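>>> sequence unknown, structure follows:
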């Protein structure tokens, strides 16, 4: 066959079905004569089409093998194998963890396995027995460690949101989490995993700003990293001391972050931040590692639409909610939520004729303007934060 296919000096060539058919028909003519019948219902014609289709399937499989060798095009297990070659594995789905403050009417034992939840039904399990003790104010208080019942980032709930005792107990007066839950992680998508692998190749884990970011992005549960490197002999605009590094991390467990910073930040560098975690290094010396968690800014949206007969009342609203939430959650630290960029996720739904969108950081304070966040804040949105009002 004269057709060129497979790996060439210009990359991999995969002919189309029409190109393969033309090539096979030409081969048949050269062997059996130009006057042979090649119509779709002739014997030669049917054979030519069968050979052409089989060659398309073969070349497509060869093309997949070729693409499986590159970070930019590999998928699924092929991408996992490329990551394993450089010691960077895909992040698996993980539950969220948080400390819960429990107040009772007297000294009381709360056994491991008890469940607590948020108002919207995200359930957490108590990992260890907790005995409440009288504090300085005369209240009976205990601190317990919780783990979310399910895996996923949706379990990284905000502070003071776990307030419900799943099995009501008259002895328990109040429960709450003083800090946000952390560590909940969805199974990493090919796109996110590929981005980390590319980052790892651009900048290996190490003491540079990019190296520190690469190392922290490989920590389970970490979704974003921001770094301020103050190399001046004066306090910078953020209040960081001279010659210091201030790391902001979205997600991840405090101890995991601290251990990674201890391993990757160069000796003698001053770490700034309000979060202080004590760790013990390999030589047995206790060190205080400082950093800060990036602040999540919840975004609320109200979408009002007018629809036609082609509007799908059952799936349409949920599709709008999902798409808008995904677009906002894809924004990086410090990025503005642009109102106009959300319209495409509404008008691409069949049946939407007119749309009006309001956004804001509080459900009762929405407007027709962009939402700007600070450099170390991250806009986040859940499906429940998106309201769709349909005027058929």
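Yep, it's here. Given the structure is predicted, the values throughout are model-derived calculations rather than measurements.

>>> Touching stretch 227-241 from outside, list them.
Contacts with stretch 227-241, where a contact means Cβ atoms under 8 Å, 6 or more residues apart in numbering, come from 209, 212-213, 242-248, 270, 272. For every residue, glycine as well, the C-beta is placed using N, CA and C.

>>> no, scratch that, I was asking about stretch 353-364
Taking Cβ under 8 Å, 6+ apart as the rule, stretch 353-364 contacts 297-308, 337, 339, 342-343, 346-347, 366-371, 385.

>>> hmm, back to that, which of the contacts of stretch 227-241 scores worst on pLDDT?
The lowest pLDDT within those belongs to residue 209, with 78.

>>> Please name the nearest non-neighbouring residue to that one.
Take residue 209 and drop its neighbours on the chain: the residue closest to it by Cβ to Cβ, 6 or more residues apart in numbering is residue 227, 4.9 Å away.

>>> Need phi/psi at the one you found.
phi -130, psi 130 (degrees, to the nearest 10).

>>> Is it bridged to anything, and to what?
residue 247 (DSSP bridges).

>>> Give me the number of neighbouring residues for it.
17 (other Cβ atoms under 10 Å).

>>> now do residue 115
14.

>>> pLDDT value on it, please?
At residue 115, pLDDT is 95.

>>> Where does the prediction get shaky in the protein?
Low-confidence segments of the chain (pLDDT under 70): 1, 202-206, 392.

>>> Quick check: longest helix in it by residues?
In the chain, with assignment by DSSP state H, the single longest helix is helix 43-67.

>>> Moving C-terminal from that helix, which element do we reach first?
helix 76-85 (DSSP states H and E).

>>> which other residues reach the helix or strand following that next one?
Where DSSP H and E defines the elements, the next helix or strand beyond helix 76-85 is strand 95-104. Outside of strand 95-104, the residues within contact range by Cβ under 8 Å, 6+ apart are 110, 116, 124, 126, 130, 132, 139-151, 155-157, 162, 171-184, 253.

>>> Would you mind giving the secondary structure of the residue nearest to residue 179 when sequence neighbours are not counted?
Counting by Cβ to Cβ, 6+ apart, residue 179 lies nearest to residue 159, which is 5.4 Å off, once chain neighbours are set aside. Classification of residue 159 using DSSP: H, G, I helix; E, B strand; the rest coil returns coil.

>>> which residues touch residue 159?
177-180.

>>> again with residue 74
67-68, 82, 194.

>>> Now restrict those residues to buried residues only.
The neighbour-count test (16 or more other Cβ atoms under 10 Å) applied to the contacts of residue 74 identifies 68, 82, 194 as buried.

>>> on that earlier part again, tell me the one among the contacts of residue 159 nearest to residue 73.
Using Cβ to Cβ, residue 180 is the member of the contacts of residue 159 that lies nearest residue 73, at 37.0 Å.
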